[in-house]
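[1] Return a 3D structure for these sequence lines:
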Amino acid sequence: MKQFGGYDAAHEDDMLMYFRSLPEDHRRRYAGLEALKIGRGGIAYMARIFGMSRRTIYTGIDELQQMREGDSEHPERPSGGSGRIRRPGGGRPKATQAQPGLDGVAECVLEIHSAGSPTDPAVRWTDLTPARLAKELVARGWEIGRNTAARLIKAKDYRRRALRKELITGHVDPQERDRQFQYIAKLRREGQVQGRPALCVDTKKKELLGALHRPGIRYCTETQKVYDHDFRHLACGKAVPHGVYDLVCNRGFVTVGTSHETSEFVCDAIALAWETEFRAQYPGAKELLLTFDSGGANAARSTRFKEDLIALSRRLGLRLRIAHYPPYTSKWHPIEHRMFSQVERSLRGVILDSAETVRDAVERTTTTTGLTVKARILNTAYRLERKCSASFKDFKDRFIRPDEILGKWNYIVDANGVL
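    Numbers count the residues shown, from 1 in each chain. So this is what the prediction gives:
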């Protein structure tokens, strides 16, 4: 008897396309049917075309025989009901079925090693890991592995969860907070329409300089070695990264200070950013919107900061419109999640041994959405605990005017005194 030579390529492609559209049990029966139709060599040919084992095709042929022996008008699928693909009863039983009582004992062990939140009864946590739970149950005479223990923990709604920074550390009137957010958004929209610059200003976390450990990994040919402890006396200095970010143009500027974060440093960093990076972008600007947090060197209640703002306005020749984010809402400042988050990525795994290294790493910050960051070093030494001038209270009203809307956070600074 001559062996079957095979169908043409187009017919084989059609068969394979139809084969792929079938569920698992139909596939093996269809392969078996085609193999029976071909005869000698059909099983080997179908195994090659469909990429399945001969044993599976033999199983399909056996199932066709079982269906043939039954009611041909209403054949019963060997795999069971219409909703099943495989026959019932396969696979190992679950550990909780093979060992009755295991689930209850695991729950008792979890209860012993769990604690709950005093303010929210729905929140509970445990110090057990799947490996430790399995060890505890084995010690009590149960046969259980780590994976089964992990499923038991998950069944009790325990998950690996990280802590989330969502609790507010202080109280702010929610209506005032919402009103201030809307007001800042309104100022930004108006500035964008009229072509006025709107810059976000903030200081990033200070960095110790030296062969000290930093989180993160980088591609390198050899492992870089740093001190085994991050003691402050091992540092050769510190860097104070101060950022100015243009939300509209998606451009940032970082001043790397080497002294202290003071209100004078903040204003000098703004002036450096404006004169180096942003003045060319807004050549005809007469007013500058600056948004700050409410604390630190640029606190909304700091008279020393406001006196320095007057000097900044005089230095730049611009009217400054100031808007502070409400207390405890600094994480919503766009510079935090639009620029500083990316700058932090650039610094991860880098040995910050000098201010120049910080500057170079910061300038490598880019994103696929077009963020670019420039950086400069500011080596000026700043004095701490500097006081306001004695005459500031006498002349501040000539140069500073609070807004009608939440004047404690919003005000205009004009060194020309034409308010």
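
[2] Tell me where the chain has strands.
    Assigned by DSSP state E, the chain shows strands spanning 114-116, 124-126, 198-203, 207-209, 237-246, 251-257, 287-292, 319-324, 372-378, 400-402, 410-413.

[3] Quick check: which ranges of the stretch 201-350 of the chain have low pLDDT?
    For the stretch 201-350 of the chain, applying pLDDT under 70 flags no range at all.

[4] Also the stretch 51-200 of the chain?
    In the stretch 51-200 of the chain, residues with pLDDT under 70: 79-91.

[5] hmm, 80 instead?
    For the stretch 51-200 of the chain, the stretches flagged by pLDDT under 80 are 70-92, 117-120, 165-170.

[6] So which of the strands of the chain has the densest surroundings on average?
    strand 251-257 (a mean of 25; mean count of other Cβ atoms under 10 Å). (Glycine included, C-beta is placed from N, CA and C.)

[7] still on that earlier bit, could you dump the strands of the chain to a markdown table with distance to Gly349?
    Shown next, in a markdown table, are those (distance: least, Cβ to Cβ, whole Å):
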| stretch | distance to Gly349 |
| --- | --- |
| strand 114-116 | 36 |
| strand 124-126 | 31 |
| strand 198-203 | 23 |
| strand 207-209 | 13 |
| strand 237-246 | 16 |
| strand 251-257 | 19 |
| strand 287-292 | 31 |
| strand 319-324 | 34 |
| strand 372-378 | 18 |
| strand 400-402 | 45 |
| strand 410-413 | 41 |
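
[8] Out of these, which is closest to Glu143?
    strand 124-126 (22.1 Å; Cβ to Cβ).

[9] Tell me how the chain divides into domains.
    9-69, 96-155, 177-382+398-413 (automatic domain parsing).

[10] quick one, which of the strands of the chain is nearest to Arg77?
    strand 124-126 (45.4 Å).

[11] tell me which strands and helices the closest one is in contact with?
    With contacts defined as 3 or more Cβ pairs under 8 Å, 6 or more residues apart in numbering; DSSP states H and E, strand 124-126 has these neighbours: strand 114-116.

[12] what does the strand it packs on contact?
    Val123, Arg124, Trp125, Thr126 (Cβ atoms under 8 Å, 6 or more residues apart in numbering).

[13] ditto for stretch 266-275
    Contacts of stretch 266-275 with the rest of the structure, by Cβ under 8 Å, 6+ apart, involve 199, 201, 203, 242, 244, 253, 255, 257, 288, 290, 297-298, 305, 308-309, 311-312, 315-316, 376, 378, 380.

[14] With distance to Leu36 added, can I get the contacts of strand 114-116 in JSON lines?
    Formatted as JSON lines, the contacts of strand 114-116 follow (distance: Cβ to Cβ, whole Å):
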{"residue": "Val123", "distance to Leu36": "62"}
{"residue": "Arg124", "distance to Leu36": "60"}
{"residue": "Trp125", "distance to Leu36": "61"}
{"residue": "Thr126", "distance to Leu36": "58"}
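
[15] Can you tell me which of those residues comes closest to Glu207?
    Nearest to Glu207 among the contacts of strand 114-116, with distances taken as Cβ to Cβ, is Trp125, at 33.4 Å.

[16] Give the buried residues for whichever helix in the chain runs longest.
    As assigned by DSSP state H, the longest helix anywhere in the chain is helix 174-194. Neighbour-count burial for helix 174-194 flags Arg177, Gln180, Tyr183, Ile184, Leu187, Arg188, Gly191 (criterion: 16 or more other Cβ atoms under 10 Å).

[17] likewise stretch 148-158?
    Result for stretch 148-158 [16+ other Cβ under 10 Å]: buried residues Thr148, Ala149, Ala150, Leu152, Ile153, Tyr158.

[18] Would you reformat those as a markdown table and include distance to Ile168?
    Shown next, in a markdown table, are the buried residues of stretch 148-158 (distance: Cβ to Cβ, whole Å):
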| residue | distance to Ile168 |
| --- | --- |
| Thr148 | 41 |
| Ala149 | 38 |
| Ala150 | 35 |
| Leu152 | 37 |
| Ile153 | 32 |
| Tyr158 | 27 |
